[in-house]
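# Here is my input, please return the structure:
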Amino acid sequence: MDKFLEFVADIMEVDASEISMDTLYKEGKWDSIMMLTLIMEIEAEYKVSIPIEKVGNVKTMADLYAFVK
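Got it, this is the predicted structure:
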């Protein structure tokens with residue numbers, strides 16, 4: 001989980017201490033463009049496929065993490 005947060009923080013160009021599993025979508029730098037970037041990077045890094053129709057259900061970082069665990 002910590003590795004995931006560090007990975008996401010690196011993509012978002014923020015310190016890992018600035019985000020947590022409770023970080024809300026649309027909070028800080030996490031906007032719709034960043035969401036698409038995160039999805040592409042997560043899919044590549046973790047070798048997963050995130051269905052675009054499920055992205056609308058992502059409300060927190062924990063929701064995003066659920067696709068990779």
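
# Tell me which residue of this protein is furthest from the middle?
Computed with Cα atoms, centre = their mean, the residue of the chain farthest from its C-alpha average is Glu53, at 15.7 Å.

# Ramachandran angles for that one?
Taking degrees, to the nearest 10, you get phi -70, psi -20 for the backbone angles of Glu53.

# May I ask which helix or strand encompasses Val68?
Of the helices and strands defined by DSSP states H and E, none includes Val68.

# hang on, it packs against Glu41?
No: here Val68 does not reach Glu41: they are 11.1 Å apart, not a contact under Cβ atoms under 8 Å. Placement of C-beta: from N, CA and C, glycine included.

# Skipping adjacent residues, who's closest to Lys59 in space?
For Lys59, ignoring the flanking residues on the chain, the nearest one in space by Cβ to Cβ, 6 or more residues apart in numbering is Tyr25 at 5.6 Å.

# count of residues packed around that neighbour?
Residues lying near Tyr25 (other Cβ atoms under 10 Å) number 17.
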